[in-house]
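Student: quick one: sequence plus predicted model below, questions after.
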Number of protein chains: 2
Amino acid sequence: MSRIPRIVILGAGYGGIVTAIRLQKELNYNEADVTLVNKHDYHYITTHLHMPAAGTDNPEKARVDISKLIDEFKVDFVKATVLQIKPQEKKIILADSTLSYDYLVIGLGGEPETFGIPGLLDYAMNIRSINSVRFIREHIEYQFAKYKREPFRKDYLTFVVGGAGFTGIEFVGELADRVPELCKEFDVDPSLVKIYNVEAAPTALPPGFPTDLVEYAINALTNKGVIFKFSTAIKECTQDGVVLANGEVIKSSTVIWTGGVRGNRILEEAGFETARGRVKVDQYLRTNEYDNVYVVGDCSIVMNDEGRPYPPTAQIATQQGDVVAHNLVASIRNTAPKSFKFSNKGTVASLGKNEAVGVVGSSKIKGFSASLMKKAIDLRYLYIIGGIPLVIKKGKFF
Amino acid sequence: MSRIPRIVILGAGYGGIVTAIRLQKELNYNEADVTLVNKHDYHYITTHLHMPAAGTDNPEKARVDISKLIDEFKVDFVKATVLQIKPQEKKIILADSTLSYDYLVIGLGGEPETFGIPGLLDYAMNIRSINSVRFIREHIEYQFAKYKREPFRKDYLTFVVGGAGFTGIEFVGELADRVPELCKEFDVDPSLVKIYNVEAAPTALPPGFPTDLVEYAINALTNKGVIFKFSTAIKECTQDGVVLANGEVIKSSTVIWTGGVRGNRILEEAGFETARGRVKVDQYLRTNEYDNVYVVGDCSIVMNDEGRPYPPTAQIATQQGDVVAHNLVASIRNTAPKSFKFSNKGTVASLGKNEAVGVVGSSKIKGFSASLMKKAIDLRYLYIIGGIPLVIKKGKFF
């Protein structure tokens, strides 16, 4: 008696949700059982989180109910926290149950990489989930309210963002937009508010981003009041702020760390060969140890043609989801799998309202047109996962 | 050479602002110099503060720029904190200057009365100013955000309101209305949120309030989820919550004390005869010691026909402002002063959206009609101080 193969997808981030959505389109009736496991009953759009974190958009715009994205007749959804993966036994240990699988897709997402900087885990906040950005937004507003009670506490009005990569840059852009509103709401003199962006590298945005666009971004944000400190590592984060490598101390009650992402400890504990929690996958996105286990998103490492890992992005995770779904179907049907090849459609970094910089195809764009492009990219993703209804519901129109 | 008499009004609360507005109407050109001193450049509507504190209305609705209320050609406004009153020298010491007066009106407002309960000053919040209610609103929202990070901390979702007088009752009504919104916004199960109202007296609302209305109010609020603890004094407030007289401990990160108001320490330090910071004024609202010093609002004591002090309310302060202005003009013109006689127009306590109880004239009202009456009273006050334009700008319409 032949059993229907069971596919389990861990995590409903970009990679996981696209895998699930593609599978429910491709698979025929009774060809496989698909179970999607996620900690929350919603998917969130990580690339949008810098806005609700700063309070410039509603967190609801950055999440979608999973029930709206999957067809419950085709995919089972289990809301649960994954505790452990046992690849030899083909079992997943959830917080209060156990799942067996024939095929596994791991898309559990990354964790903040603190590079061992003391205090970051304890005192810094991270932009990484709906809960975390609601927390950051409330925390920021609360600092303004606290300052009005203790006007000698300038540290309440000092905001330190560690890291000037995509997330750090996009967040300081939003925060700089939000500050005048907060000052008005709480009767605070805007000149008292300081936003620091501290980066160990000598400049902003990822290596390889065109120098003129980087310069444009730094100027645009400096004009909005952001104070950049490049080539400056954070030595320590304390309850009172940060100590910089040059010995300078910035007193601040709000430190937000965007300086790095690593893979997930669950993969290390499962015995996969990992580098900072990431698994180097083969051309079909499978682990080297198990050809029934696929890894997507922040937990996976894919090498570029120069032998260096691609940075983990929403774009690559989405493309991985497509290929993993194809390869799962191929494996079940004994047809040919597809090799994964990242196709870079470009990247745009928002710099707050109506400002952005980016590279799309071979074009460098900046300013208002780049901010429109950013919105178009966001809408395109909504279209991919949820079609026109989702675009209408969650899309931020011009 | 005769000098123009100088009138100084300390505080732009109900009593002070009405005194200033009436004076600018009554006084002729060059009949007196009037200076109004206030800590903020706005007047706030204390009876409305329970709403922005709970987050059910914008704090802007509860304040009015003083510049919109006074005519700068007739009244000088000084934004300053009053440090000391020297009645023998007829001088006021401000934070960075000094003022001399011929006539003084003290309307500095009250302070929370903690009855010596340990920890209330350090750990409890008070509904008493725009800054304090913005703080409370942000504090409450922050607790929901914190709970999502530490779901074992039920104390983040436990709110203790000390005192079931007007402020306490009106606040728990608003908070109970706000909680479902907050639960939706932060994905929190509403059954986990607890609102306690703890009162040393055996029942709610001030002594003399009709029993059937008190019962109606308690039922309405209980149905909204408020847990009342009557005949229960708070023994101590700590960083972790409150200890009740019966030994019970309520763990809570949010304690709001509405249990009492006393007068102002500045009056005690000035050498006036005071009881809990309040000055018993004569029939013309003057101090016994100085017939050029008037006291209005929470800092004054006026006795009723039974020889008991009227509770300090917005209503009595407003009426006092009228009489003080009349008596100042009379004193300057050497005409007859007016004796103050409180005319009770009635009181309505709001119980959240569309619910209230009150006594107006000889009628007891409750429910929706009472909530309309409450709004009418609020609008009437806006009309008194700012006319139709203010009613349109700040009034909450039906």
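Tutor: Ah, there it is.
Student: got the residues of chain A near chain B?
Tutor: For chain A, the residues in contact with chain B (Cβ under 8 Å from any Cβ of the partner chain) are A:130-132, A:134-135, A:137-139, A:141-142, A:144-146, A:148-149, A:185-187. Any C-beta I mention is one placed from the backbone N, CA and C, and that applies to glycine too.
Student: now with 10 Å, please.
Tutor: Residues of chain A lying close to chain B (Cβ under 10 Å from any Cβ of the partner chain) are A:40-42, A:58-60, A:63, A:125, A:129-149, A:151, A:184-187.
Student: just the buried ones from the residues you listed, in PyMOL syntax?
Tutor: Restricted to buried positions by 16 or more other Cβ atoms under 10 Å in any protein chain shown, the PyMOL selection for the residues of chain A next to chain B reads:
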select buried, chain A and resi 40+42+59+63+125+129+130+131+132+133+134+135+136+137+138+139+140+141+142+143+144+145+146+147+148+186+187
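Student: so A:I92 sits in a helix?
Tutor: No: A:I92 is assigned strand when assessed by DSSP: H, G, I helix; E, B strand; the rest coil, not a helix.
Student: what about the spatially closest residue to it that is not a sequence neighbour, which SS state?
Tutor: Spatial nearest neighbour of A:I92, excluding adjacent residues (Cβ to Cβ, 6 or more residues apart in numbering or on different chains): A:L99 at 4.4 Å. Following three-state DSSP, we place A:L99 in the strand state.
Student: can you pull the pLDDT of A:L99?
Tutor: Model confidence at A:L99, expressed as pLDDT, equals 97.
Student: what number of residues lie near it?
Tutor: When counting by other Cβ atoms under 10 Å in any protein chain shown, one arrives at 19 neighbours for A:L99.
Student: OK, contacts around it?
Tutor: Applying Cβ atoms under 10 Å, 6 or more residues apart in numbering or on different chains to A:L99 gives the contacts A:6, A:8, A:10, A:35, A:37, A:76, A:78, A:80, A:82, A:90-93.
Student: hmm, 7 Å instead?
Tutor: The contact partners of A:L99, taken as Cβ atoms under 7 Å, 6 or more residues apart in numbering or on different chains, are A:8, A:35, A:91-92.
Student: for A:D155, same thing?
Tutor: Residues near A:D155 by Cβ under 7 Å, 6+ apart: A:240-241, A:251-253.
Student: roughly how far does the residue sitting nearest the centre point of chain A sit from chain B?
Tutor: Chain A has A:T46 as the residue nearest its centroid, 4.1 Å off, counting by Cα atoms, centre = their mean. Separation of A:T46 from chain B (Cβ to the nearest Cβ, to the nearest Å): 17 Å.
Student: turn the contacts of A:D155 into JSON lines, columns for secondary structure, neighbour count and pLDDT.
Tutor: Converted to JSON lines, those look like this (DSSP: H, G, I helix; E, B strand; the rest coil; neighbours: other Cβ atoms under 10 Å in any protein chain shown; pLDDT from 0 to 100):
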{"residue": "A:D240", "secondary structure": "coil", "neighbour count": "14", "pLDDT": "97"}
{"residue": "A:G241", "secondary structure": "strand", "neighbour count": "21", "pLDDT": "97"}
{"residue": "A:K251", "secondary structure": "strand", "neighbour count": "15", "pLDDT": "98"}
{"residue": "A:S252", "secondary structure": "coil", "neighbour count": "25", "pLDDT": "98"}
{"residue": "A:S253", "secondary structure": "coil", "neighbour count": "22", "pLDDT": "98"}
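Student: what's the closest of those to chain B?
Tutor: A:S253 (12.4 Å; Cβ to the nearest Cβ).
Student: is it true that the closest one touches A:F159?
Tutor: No: at 8.8 Å, A:S253 and A:F159 do not qualify as touching, with contact defined as Cβ atoms under 7 Å.
Student: could you report the pLDDT at the closest residue in space to A:G259 that isn't next to it in sequence?
Tutor: Of all residues not flanking A:G259 in the chain, A:G163 sits nearest, at 3.3 Å (Cβ to Cβ, 6+ apart). For A:G163, the pLDDT comes out at 97.
Student: can you count the residues close to A:G163?
Tutor: By the measure other Cβ under 10 Å, the count of residues near A:G163 is 26.
Student: got it, and the one 3 residues further on?
Tutor: Close neighbours of A:F166, defined as other Cβ under 10 Å, add up to 21.
Student: what sits against it?
Tutor: Taking Cβ under 7 Å, 6+ apart, one finds A:205-206, A:349 in contact with A:F166.
Student: what about it, distance to chain B?
Tutor: 24 Å.
Student: what of A:V261?
Tutor: 19 Å.
Student: kindly report the same for A:P389.
Tutor: Where chain B is concerned, A:P389 sits at a distance of 22 Å (Cβ to the nearest Cβ).
Student: now A:V302
Tutor: According to Cβ to the nearest Cβ, A:V302 stands 32 Å off from chain B.
Student: remind me which residues of chain A are low pLDDT?
Tutor: A:1-2, A:396-398 (pLDDT under 70).
Student: three-state assignment of A:S331?
Tutor: Strictly by three-state DSSP, A:S331 counts as helix.
Student: now swap in A:R22 and tell me
Tutor: Under three-state DSSP, the three-state class of A:R22 is helix.
Student: let me see the contact set for the nearest residue to it once chain neighbours are set aside.
Tutor: Nearest residue to A:R22 in three dimensions, chain neighbours excluded: A:A325, at 3.3 Å (Cβ to Cβ, 6+ apart). Contacts for A:A325 (Cβ under 7 Å, 6+ apart) come out as A:19, A:22-23, A:26.
Student: pull out the buried residues from those residues.
Tutor: Buried by 16+ other Cβ under 10 Å: A:19, A:22-23, A:26, out of the contacts of A:A325.
Student: just name the closest of those residues to chain B, please.
Tutor: Nearest to chain B out of those is A:T19 (Cβ to the nearest Cβ; 24.9 Å).
Student: list the contacts for A:A200?
Tutor: Per Cβ under 7 Å, 6+ apart, neighbours of A:A200: A:232-233.
Student: element containing it?
Tutor: In the assignment (DSSP states H and E), A:A200 maps to no helix and no strand.
Student: if I look at it, how far off is chain B?
Tutor: For A:A200 relative to chain B (Cβ to the nearest Cβ), the value is 27 Å.
Student: same question for A:G107.
Tutor: Distance of A:G107 to chain B, given as Cβ to the nearest Cβ: 22 Å.
Student: can you give me the neighbour number for that residue?
Tutor: Counted by other Cβ under 10 Å, the residues lying close to A:G107 total 31.
Student: go on, A:V360?
Tutor: A total of 17 residues lie near A:V360 under the criterion other Cβ under 10 Å.
Student: doesn't A:L372 make contact with it?
Tutor: No: using Cβ under 7 Å, A:V360 and A:L372 do not qualify as a contacting pair, with a distance of 11.1 Å.
Student: name the nearest residue to the single nearest residue of the stretch 151-300 of chain A relative to chain B, ignoring sequence neighbours.
Tutor: Nearest residue of the stretch 151-300 of chain A to chain B: A:F186, at 6.3 Å (Cβ to the nearest Cβ). Of all residues not flanking A:F186 in the chain, A:F144 sits nearest, at 4.2 Å (Cβ to Cβ, 6+ apart).
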